[in-house]
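> everything below, folded, please.
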Amino acid sequence: MIRLSLRRHSRFFRPGFIGPIVLVIIWSLAHTAHWVTPRLLPGPLETFNAFLQSIADGSLWGDFIQTVLRTVYSFLIAAIIGIPLGITIGSSKLIYRSVEFIIDFFRSTPATALFPLFLLIFGIGEESKIAIAAFSACLVIVFNVAYGVMNARQTRILAAKVMGASQWRILRDVLLYESLPQTFIGLRLGVSYALVVIIVAEMFIGSSTGMGHRIIDAEQVYNLAEMYSSIIVTGCIGYLINFIFLIVERHFIKWSGK
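Numbering: from 1, shown residues only. All right, here's what the predicted structure looks like:
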């Protein structure tokens, strides 16, 4: 009887719920015990009401869609450029050594430091936001794809050579498949980078829409409940994108690590 009861409870119990529940409890305690002044930290209920209000009046959807679209455009541009470029660089040690410094230099440079440069080139508009996010994501994708190609298992490459496979066949049938796990890591990191840069760009590059604009606008008029709810929504966008990529990765790369 006890075992049956435990099984019923285990159906509804998910370890993944523990973290968010603990976070809300700590947030509630901090608010009610005045660990942080309520003027700076509204309670979870107040924030949730602001979230529901923004859904009810429709103001959230436009900003939400704009941020998602900009992130998707940036990511697609980065993936289209980054994957073939990474394969080319990774397939030749000479090419990799030649461009290693450039990739590492720009990869280590904060994207926000390049905002003025992209503003000069693309102007204040959608192009500059998408371009800087695509650039930032592309570097991560290139590095990971090249790393995946370079670290393909030598035994499989040698086996293909012994069987008389051409360089093109080795690249297509061995290196591409071997690099896919690392490629997916690069794509997952790339889309996260793109989202972060888009949010920052929406805050500081003359945007009138998007979640970044919504957050900074709420902060400036001291509507902190809306600011916190917008931050949470932004976090949910990042989490959902990462979750979708993990599902796709598990579905298509079943041989990873074998």
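
> all contacts plus neighbour counts: C-alpha atoms, from now on.
Noted.

> what about the helices in this protein?
Secondary structure of the chain (DSSP state H): helices at 2-12, 18-32, 44-56, 59-90, 93-108, 115-122, 126-150, 154-162, 167-170, 176-204, 211-220, 224-252.

> any idea which of these scores lowest on pLDDT?
For the helices of the chain, mean pLDDT drops lowest on helix 2-12, to a mean of 55.

> show me what contacts the nearest residue to Ala225 once chain neighbours are set aside?
For Ala225, ignoring the flanking residues on the chain, the nearest one in space by C-alpha to C-alpha, 6 or more residues apart in numbering is Thr47 at 4.6 Å. By C-alpha atoms under 8 Å, 6 or more residues apart in numbering, the residues touching Thr47 are 225-226, 228-229.

> let me know which of the helices of the chain is the nearest to Pro38.
Closest to Pro38 of the helices of the chain is helix 18-32 (C-alpha to C-alpha; 6.1 Å).

> for the closest one, which positions count as buried?
27-28, 30-31 (16 or more other C-alpha atoms under 10 Å).

> before we move on, what about stretch 119-133?
If you call a residue buried by 16+ other C-alpha under 10 Å, then stretch 119-133 has these buried ones: 119, 122, 127-133.

> Gly62 against His213, yeah?
No - with contacts defined as C-alpha atoms under 8 Å, Gly62 does not count as touching His213, sitting 11.5 Å away.

> mean neighbour count, the helices of the chain: which tops it?
helix 126-150 (a mean of 26; mean count of other C-alpha atoms under 10 Å).

> return the distance of that helix from the chain's centre.
The chain centre lies 12 Å from the centre of helix 126-150; the measure is C-alpha atoms, centre = their mean, to the nearest Å.

> quick check: phi and psi at Ser92.
With angles defined as degrees, to the nearest 10, Ser92 sits at phi -130, psi 120.

> and it, how many neighbours?
By the measure other C-alpha atoms under 10 Å, the count of residues near Ser92 is 14.

> picking up where we left off before, want to throw the contacts of Thr47 into TSV with distance to Ala160?
What follows is those, written out as TSV (distance: C-alpha to C-alpha, whole Å):
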residue	distance to Ala160
Ala225	60
Glu226	59
Tyr228	55
Ser229	55
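
> nearest to Asn242, of the residues you listed?
Nearest to Asn242 among those: Ser229, at 20.1 Å, using C-alpha to C-alpha.

> how much space between that closest one and Phe245?
Shown here: Ser229 relative to Phe245, a distance of 25 Å by C-alpha to C-alpha, to the nearest Å.

> likewise for Ile199?
Ile199 is 20 Å from Phe245, by C-alpha to C-alpha.

> same question, Leu139
19 Å.

> need the contact list for the most centrally placed residue in the chain.
Centroid-nearest residue in the chain: Ser192, 1.3 Å away (criterion: C-alpha atoms, centre = their mean). Contacts for Ser192 were tallied using C-alpha under 8 Å, 6+ apart; they are 137, 238, 241-242.
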